[in-house]
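S.K.: Test case, fold it:
(chains A and B)
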Amino acid sequence: MNVTKETLHLATAGDAPQETFVLNLGPQHPAAHGVLRVLMTMDGEWIQRAEPIIGYIHRMHEKMGENRTWAKFLPNTSRIDYLSAMHYTHAFVGAVERAAKIEVPLRAEYARVITSELNRISSHMVWWGALLLDLGGFTPILYAFDDREKILDLLEALCGARLTYCYYRFGGLYNDVDDAFLKGTRDFVKHMQPRLKMYRDLVTDNIILRKRLEEIGPISAELCRKYGATGPVIRGSGVAYDVRRAEPYSVYPKLDFKIPVYHECDSMARYMVRMDEMEQSLRIIDQALDQIPAGPFIGKVPRVLKLPVGETCYAVEAARGRFMVRIVSDGKEIPYRVKLRTPSFSNLSLYEEASRGMILPDALAMMGSLDLVIPDIDR
Amino acid sequence: MMKFLTIEPVRVLLYLVGIIAFTAANAAYLVLAERKGAGRIQRRPGPNEAGWAGILQPVADGIKLLAKQVMVPPGTDSLLFRAAPLMVMAPPLLCLAVIPFGDTIVACNLNIGLLFVFSFGSINVMALMLGGWASRNKFAIISSARVVSQNVAYEIPMLLVVITMLMVTGTMNLGEIVRQQAGGFWHWNLLKVWVNPFMPVTFIIFFICMLAETNRAPFDMAEAESELVAGAFTEYGGMGFGVFFMAEYANIVVGCSLATILFLGGWQSPIGVLSGGWFGAAWFLVKLYALIFTVIWIRWTFPRTQFYSLLNLSWKILIPVSLVTLLLTGVMMKIL
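M.R.: Here you go, the predicted structure:
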């Protein structure tokens, strides 16, 4: 700004002109967890407006769905949100099964629940470590990855992949769950419970962490509804919305688990929701391991899959919230349309409104508490 | 030959060379110690490839940094940009000149040693501020503003604590301060509760202020990787960055040395035996490195504080408490 007579006059009158600047956070910024770019209009360290700019890794997944067969699109779904691949494949597989009326054996459904919940824990572990990294705590992420490694080993033995699993098939699974996996999962549950207690004592109850998250970045339930935020974000705002209960799928109705809800609406509430969710996931796994029946792991599926004309939706509770697949079939082997409703996109949408007037470090702490996966936003 | 070495200018020169070597070795190997310590805390081995157990890692890092081009981004104030790393490195070197490592091992036995250390220690802030400002980078400028307000906030309680110590000891000569603490750990200023029952609190205030002054976690607002990329050093590469990095460790050495001298009896033995001469220097180093280890330990186990709660901590807690200790010490000294 040029120092004109007018501004000088204002300054001497004790009424200095307010000057703002634009801070370009990303697309390569250590706090952005990927290629998210946020244009921030700043007044000093205070954010006036933060505008997320997305699309840096748009990969046309929806369009790719329109030019390959149903089965060939399956691996794509696991690459949308690479941290909760199981849930995403589950949604697509579920949608196709619902449209084609394919029966899934009970053993496969239980195996899906077990692997989905394992995936949820591993996803939350990454979020937990990354959030602490955002807050300047370097050590937790290595402990988190230590636990995650155990899950990855289990799932790798099952389906060969460590990150982008493609374990579910139309009508069942790619491979039966073997005894080694079931035993390994039991051991993992036993290993994880004391670990979660340790994390609670050492990290959650740390005064600096509490000061950095409590009453920071409040997101009201109305704001969540306005932007369609789901998952831990809306549950941290006091709404007990969980797809596993709201639109039950698979064998979740047979399992006993609580939906953690916190009414504080702040970043700590979202943090606590995820920490409690990991405990609940362990409970689910424990029950599913007890109940899993013997039997076939894949049902009868036609060799050439042609879905009846019409559209079908299937939603799952992914680690970040409600992931829904809407498929439209025109009776051919290839989908007419595959619409993916991803949770991170909605969760990021509210960022602009929620971050107004926040100070930069708090805004980044809040962004960490939203648990964004950028490929999931851009898809 | 020995006589030549003891002539005053030659002696001081030798000491200065020694101090520079000490600082450089410390800066280099504290980085390794920090990375090894971090590895220990994080259940991983830390650097272990270069040499035996990673002992050559600092050398490798140094060569890498030296081999890099020192780039001055276009549009920066290139003079200030280049001067900032020098200004950040010189003060801790000068400060170490008056730090007594042993009864006789001191480069320059100044009567105003304490004042000297603080006056030169304050230059650090200015260097960081200039470095950040000259970089012409928004992250760096935010960081500079933070550094200034943080250091202003923490200089005050630190100086109040030092004034308290000055009243207790009655001298600014660092060697004299240590001599007063002779004869076992119960004579250390840390435990002189009969002079001031708040003495351990005073030490804690000093330690917290030292962490904040040296921009160490949990008060590393200047660097704050996850918010400000690298803060004031964002635009620095190669040895420019390397010097900032070394200066951080040199400042820690100075701060911890000062804490050792003021509160932990400097070169005095804690139990009265094995004192004097080189044993003294050994005791001093043991105490110094124990404090430095604590600094490293804190960094890897705590998240970063918020900026405003950092300032609140200083203005609302540390300054009132240090004022109370100052007052209490004055009253106690008047009565006793």
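S.K.: rest of the way, CA atoms for contacts and neighbours
M.R.: Noted.
S.K.: Now B:Trp315. Nearest residue, chain neighbours left out?
M.R.: Counting by Cα to Cα, 6 or more residues apart in numbering or on different chains, B:Trp315 lies nearest to B:Ala153, which is 6.8 Å off, once chain neighbours are set aside.
S.K.: How about B:Phe307?
M.R.: Nearest non-adjacent residue to B:Phe307 (Cα to Cα, 6+ apart): B:Met221, at 6.9 Å.
S.K.: my read is that neighbour is in a helix, agree?
M.R.: No: secondary structure of B:Met221 (DSSP: H, G, I helix; E, B strand; the rest coil): coil, not part of a helix.
S.K.: re earlier: can you tell me the helix or strand for the residue nearest to B:Trp315?
M.R.: According to DSSP states H and E, B:Ala153 maps onto helix B:138-169.
S.K.: Quick check: buried residues in that helix?
M.R.: B:138-148, B:150-162, B:164-166, B:168-169 (16 or more other Cα atoms under 10 Å in any protein chain shown).
S.K.: can I assume the residue nearest to B:Trp315 is in contact with B:Lys316?
M.R.: No: B:Ala153 is not in contact with B:Lys316 according to Cα atoms under 8 Å; the separation is 10.4 Å.
S.K.: where does the stretch 51-200 of chain B dip in pLDDT?
M.R.: Counting by pLDDT under 70, not a single residue of the stretch 51-200 of chain B qualifies.
S.K.: Tell me the residues on it that lie near chain A, please.
M.R.: Residues of the stretch 51-200 of chain B lying near chain A by Cα under 8 Å from any Cα of the partner chain: B:138, B:142.
S.K.: For the stretch 51-200 of chain B, which segments count as helices?
M.R.: Assigned by DSSP state H, counting those that start in this stretch, the stretch 51-200 of chain B shows helices spanning B:57-67, B:78-97, B:113-121, B:123-134, B:138-169, B:174-179, B:199-213.
S.K.: Any idea how many residues pack against the residue of chain A found nearest chain B?
M.R.: Minimum separation of chain A from chain B (Cα to the nearest Cα) falls at A:Gly137, amounting to 3.9 Å. Neighbourhood size, A:Gly137 [other Cα atoms under 10 Å in any protein chain shown]: 23.
S.K.: got it, and A:Leu196?
M.R.: Per other Cα under 10 Å, the neighbour tally for A:Leu196 reads 15.
S.K.: name the element it belongs to?
M.R.: helix A:179-199.
S.K.: average pLDDT for the helix or strand just after that helix?
M.R.: Downstream of helix A:179-199, the first helix or strand assigned by DSSP H and E is helix A:207-213. Confidence for helix A:207-213, expressed as mean pLDDT, is 86.
S.K.: Over to stretch B:253-267?
M.R.: Averaged over stretch B:253-267, pLDDT sits at 86.
S.K.: Could you show which parts of chain A are in contact with chain B?
M.R.: Going by Cα under 8 Å from any Cα, the residues of chain A near chain B are A:23, A:29-31, A:44-45, A:132-140, A:142-143, A:208-209, A:211-212, A:360-362, A:364.
S.K.: Any of the residues you listed buried? List them.
M.R.: Among these, those classed as buried by 16+ other Cα under 10 Å are A:23, A:29-31, A:44-45, A:132-140, A:142-143, A:208-209, A:212, A:360-362, A:364.
S.K.: picking up where we left off before, turn the helices of the stretch 51-200 of chain B into a markdown table, including distance to A:Lys332.
M.R.: Shown next, in a markdown table, are the helices of the stretch 51-200 of chain B (distance: least, Cα to Cα, whole Å):
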| stretch | distance to A:Lys332 |
| --- | --- |
| helix B:57-67 | 60 |
| helix B:78-97 | 66 |
| helix B:113-121 | 76 |
| helix B:123-134 | 62 |
| helix B:138-169 | 54 |
| helix B:174-179 | 88 |
| helix B:199-213 | 67 |
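S.K.: re the thing from before, take the residues of chain A next to chain B and keep only those in helices.
M.R.: A:132-134, A:140, A:142-143, A:208-209, A:211-212, A:360-362, A:364 (DSSP state H).
S.K.: ok, now which ones touch A:Val22?
M.R.: By Cα atoms under 8 Å, 6 or more residues apart in numbering or on different chains, A:Val22 lies in contact with A:39-42.
S.K.: quick one: which of these is nearest A:Lys300?
M.R.: A:Leu39 (51.8 Å; Cα to Cα).
S.K.: what kind of secondary structure is the closest one in?
M.R.: Recorded secondary structure, A:Leu39: strand (three-state DSSP).
S.K.: closest point of chain B to chain A, which residue?
M.R.: B:Pro303 (3.9 Å).
S.K.: wait, doesn't that residue sit right on A:Leu209?
M.R.: Yes: with contacts counted by Cα under 8 Å, B:Pro303 reaches A:Leu209, the gap being 6.5 Å.
S.K.: A:Glu97 falls within a helix, correct?
M.R.: Yes: counting by three-state DSSP, A:Glu97 is part of a helix.
S.K.: Can you report how many residues lie near it?
M.R.: 21.
S.K.: just the one 3 residues further on next, same as before
M.R.: With neighbours defined by other Cα under 10 Å, the count for A:Ala100 comes to 18.
S.K.: Read off the pLDDT value for it.
M.R.: For A:Ala100, the model assigns a pLDDT of 87.
S.K.: Likewise for A:Leu118?
M.R.: For A:Leu118, pLDDT reads 92.
S.K.: Provide a list of residues in contact with it.
M.R.: By Cα under 8 Å, 6+ apart, the neighbours of A:Leu118 are A:151, A:281, A:285.
S.K.: now swap in A:Thr185 and tell me
M.R.: A:Thr185 sits in contact with A:Leu154, where contact means Cα under 8 Å, 6+ apart.
S.K.: what's the spacing between it and B:Glu8?
M.R.: Distance, A:Thr185 to B:Glu8, by Cα to Cα, to the nearest Å: 74 Å.
S.K.: Check A:Arg162 too.
M.R.: According to Cα to Cα, A:Arg162 and B:Glu8 sit 68 Å apart.
S.K.: These two: which has the busier surroundings?
M.R.: Using other Cα under 10 Å as the criterion, A:Arg162 and B:Glu8 rank with A:Arg162 on top: 15 against 12.
S.K.: Could you verify that the more buried one is part of a strand?
M.R.: No: A:Arg162 is assigned coil when assessed by three-state DSSP, not a strand.
S.K.: so it sits right up against A:Lys150, yeah?
M.R.: No: counting by Cα under 8 Å, A:Arg162 does not reach A:Lys150; the two are 10.6 Å apart.
S.K.: joint contacts of these two?
M.R.: Common neighbours of A:Arg162 and A:Lys150 (criterion: Cα under 8 Å, 6+ apart): none identified.
S.K.: Helices of the stretch 201-336 of chain B, start to end?
M.R.: B:225-228, B:238-263, B:277-301, B:307-312, B:319-335.
S.K.: If anything else comes up later, I'll come back, but that's it for now.
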